[in-house]
Each structure stands twice: as C-alpha cells, then as structure tokens.
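Visitor: Provided below for reference: sequence and predicted model.
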Amino acid sequence: MIDFEKSQEIFRKLQEFSLQEKLVLQIKKDFKRSNVSLVIPISSSNKDILQLLQEKLYVLLLEKFDDYLNLLYVIDISENSLKKVQTNDIVEVSKEVAFLVFEREFQKVWFKNQYR
C-alpha cells in the first residue's frame, strides 16, 4: 500500500529543492535505457507523473512482461519492495509499482543533488 506520508514528504522535497525537472529527466533516462518509450512533459506535476507511470506499467504488465521486468531492473526496484505489493488486481499492482518507480527515481535525483 502506498504510504501517504512518505509520498507527501517526497513531493515536499521535490518542490523545496527544485528537483522536479531532474526527476522527469531521470525517469526518461531510465526508460530509454530499458528501451521502453514514455513521454513525460518536463512541466508535469507529481500526480501527472504518477498517472503516466501507472498507465505505462499497466500496459507493460499486460502486453510486454519481459520489458516490464527489464525496466524494473534498470531502475533498480528491489525484489523485496515488489514482494510487499499485496494485491492481485492488476490496476492496483500498476499503481503500487508506479509509486515504487517514482520513489526510486526520486532517491537517485536526491542523492545526486545532495552529494555533488
């Protein structure tokens, strides 16, 4: 289940440190590295990004499962995180995994920003 407080903290940090554009660029970079197309406008809101991720992951789960697995590997989503997804509904799975992707991409951007 998506942790509401955790998501609000991520959203706050993105805004506070002006990392929104870097987050979008990181997501695009990792999708490109895994040969999965995804169009996200640079000016997208957090909710829009999560919605686009959910839609893309839903399609990958249904139609291109190998690409889905490769994408999660490239982004570096841990197997333990995936095991915590406690639903069989594919829409809910795509929503949960979209948040995991969003969170992991945020971590990458955050650490790059903090330790440069």
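Guide: Structure received. Predicted, not measured: the structure shown is a model, and the values here were computed from it.
Visitor: Could I get the average pLDDT for the helix or strand hosting Asn113?
Guide: Asn113 belongs to helix 90-114 when elements are defined using DSSP states H and E. For helix 90-114, mean pLDDT is 94.
Visitor: which secondary structure elements does it contact?
Guide: Counting contacts by 3 or more CB pairs under 8 Å, 6 or more residues apart in numbering; DSSP states H and E, helix 90-114 packs against helix 4-16, helix 20-33, helix 46-63, helix 65-75, helix 79-83. To be clear about C-beta, it is placed using only N, CA and C from the backbone, and glycine gets the same treatment.
Visitor: mind checking how far that helix is from the chain centre?
Guide: 3 Å (CA atoms, centre = their mean, to the nearest Å).
Visitor: For Gln26, see how far away Ile42 is.
Guide: Distance, Ile42 to Gln26, by CB to CB, to the nearest Å: 12 Å.
Visitor: right, I mislabeled it, should have said Leu61
Guide: Taken as CB to CB, the span from Leu61 to Gln26 is 22 Å.
Visitor: same thing with Tyr68?
Guide: 19 Å.
Visitor: what's the answer for Leu52, then?
Guide: In terms of CB to CB, Leu52 sits 14 Å off from Gln26.
Visitor: One more: Glu5?
Guide: 23 Å.
Visitor: and if you look at Val91?
Guide: 25 Å.
Visitor: Name the surrounding residues that touch the helix holding Asn113.
Guide: With contacts defined as CB atoms under 8 Å, 6 or more residues apart in numbering, helix 90-114 is touched by 1-2, 6-7, 10, 13-14, 17, 19, 22-23, 26-27, 30, 46, 49-50, 53-55, 57-58, 61-62, 72, 75-77, 81-82, 85, 87.
Visitor: Of those, grab the buried ones for ChimeraX.
Guide: Buried residues among the contacts of helix 90-114 (16 or more other CB atoms under 10 Å), as a ChimeraX selection:
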select :7,10,14,19,22,23,26,27,30,46,49,50,53,54,57,58,61,72,75,77,85
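Visitor: what sits against the residue lying closest to Val39 once chain neighbours are set aside?
Guide: Spatial nearest neighbour of Val39, chain neighbours left out: Leu52 (7.8 Å); criterion: CB to CB, 6 or more residues apart in numbering. Counting by CB under 8 Å, 6+ apart, Leu52 touches Leu38, Val39, Ile40, Ser44.
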